[in-house]
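Student: Sequence first, predicted model second:
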Amino acid sequence: MKLEFPAKKFVGIAKLIPHVSAEAQDLILKMLTYNADDRYTASQCIKHPYFKELRELDMAQLTSGP
């Protein structure tokens with residue numbers, strides 16, 4: 001089955017969600033990439049700089065112990 005969608009001019013994610021950080025916008029674009037071969041996987045997403053603080057917090061909790 002072949003699907004054909006009309007071409008749309010790219011407006012830019014920054015104009016659609018200007019209140020979101022640049023890192024979040026970048027991550028969203030990578031998750032929404034049309035070509036599945038180029039689209040971010042879940043593993044790539046959690047390694048994205050957007051989640052850096054959460055990774056650091058997680059590591060700090062692991063190393064501090066109970």
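Tutor: Nice, I can see it.

Student: what ranges do the strands span in this protein?
Tutor: Taking DSSP state E, the chain contains no strands at all.

Student: so how far is the longest helix seen in it from its chain's centroid?
Tutor: Secondary structure assigned by DSSP state H gives helix 52-64 as the longest helix of the chain. Distance of helix 52-64 from the chain centroid (C-alpha atoms, centre = their mean, to the nearest Å) equals 20 Å.

Student: do the same with stretch 29-49
Tutor: 6 Å.

Student: Could you tell me the end-to-end distance of it?
Tutor: 14 Å (C-alpha to C-alpha, to the nearest Å).

Student: mind listing the helices for this protein?
Tutor: With helices called from DSSP H, the chain shows them at 13-16, 22-31, 42-46, 52-64.

Student: now what about the longest helix of the chain, what contacts it?
Tutor: residue 46 (C-beta atoms under 8 Å, 6 or more residues apart in numbering). Where C-beta positions appear, they are placed from N, C-alpha and C, glycine not excepted.

Student: that older thread, same list, the helices of the chain, but as CSV with distance to residue 2, mean neighbour count and mean pLDDT please.
Tutor: Listed next are the helices of the chain as CSV, based on distance: least, C-beta to C-beta, whole Å; neighbours: other C-beta atoms under 10 Å; pLDDT from 0 to 100:
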stretch, distance to residue 2, mean neighbour count, mean pLDDT
helix 13-16, 28, 11, 90
helix 22-31, 25, 15, 96
helix 42-46, 29, 11, 96
helix 52-64, 41, 10, 91
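
Student: Kindly reformat these as CSV and extend each row with distance to residue 3.
Tutor: As requested, the helices of the chain are exported to CSV (distance: least, C-beta to C-beta, whole Å):
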stretch, distance to residue 3
helix 13-16, 23
helix 22-31, 20
helix 42-46, 25
helix 52-64, 37
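
Student: Which of those sits closest to residue 1?
Tutor: helix 22-31 (24.5 Å; C-beta to C-beta).

Student: Name the residues that touch that closest one?
Tutor: 13, 14, 17, 20, 39, 40, 44, 45, 48, 49, 50.

Student: That helix versus helix 52-64: what angle between them?
Tutor: For helix 22-31 against helix 52-64, the angle by axes from the mean of the first three to the mean of the last three C-alpha atoms, to 10 degrees is 100 degrees.
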